[in-house]
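>>> Got a predicted structure here, sequence first:
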Amino acid sequence: MDYTAIPRCIYTNPEAASVGLTETEPKKKYGEIVIGRVPFQASGKGRIIEGYGFTKVISEKRYGKIVGVHLVGSHVTDLIGEAALAMNLECTCEELAFTVHPHPTLSEVLMEAALAAQD
């Protein structure tokens, strides 16, 4: 079992959820990393639901493998499962970015953050 792909959820207002490594941990293991950050404002539904929140996708630079995802905002504890699945399948940022996400939904922020992490 890969314990790095177990999501963590905090049920506060706003909610917080993460899976995988934090920003400092993969630097030690992989060297160069790439981080894609996207505010909830980038999503149409994110604007409707609330005006704050963000998504951060961390990947190792060489292959683009996702090594961490962190979210803050409404309903992020519902979104973190997609990130955990992506990590469990050793998904790259490119693969997550080119997966069709319905519009307008909050899940688009994961897609946008994966796009942002692609240099």
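Thanks, I have the structure now. Model, not experiment: these values are computed from the prediction.
>>> what's the pLDDT at residue 66?
If you check residue 66, the pLDDT there is 97.
>>> So which residues of the protein form helices?
Along the chain, counting by DSSP state H, helices occupy 25-30, 44-49, 76-88, 93-97, 108-116.
>>> Against which helices or strands is the second one packed?
If contacts are counted by 3 or more Cβ pairs under 8 Å, 6 or more residues apart in numbering; DSSP states H and E, helix 44-49 sits against helix 108-116. In this view, the C-beta of every residue, glycine as well, is placed from N, C-alpha and C.
>>> Name the surrounding residues that touch the helix it packs on.
36-38, 40, 42-46, 53-57, 66, 69, 71, 79, 82-83, 93-94, 96-97, 99, 101-102 (Cβ atoms under 8 Å, 6 or more residues apart in numbering).
>>> Which residues are in contact with residue 60?
Contacts of residue 60 by Cβ under 8 Å, 6+ apart are 26, 29-34, 67.
>>> So which of the residues you listed is the closest to residue 12?
Closest approach to residue 12 among the contacts of residue 60 (Cβ to Cβ): residue 67, at 25.0 Å.
>>> number of nearby residues for the closest one?
21 (other Cβ atoms under 10 Å).
>>> Isn't it up against residue 33?
Yes - assessed by Cβ atoms under 8 Å, residue 67 is found in contact with residue 33 at 7.3 Å.
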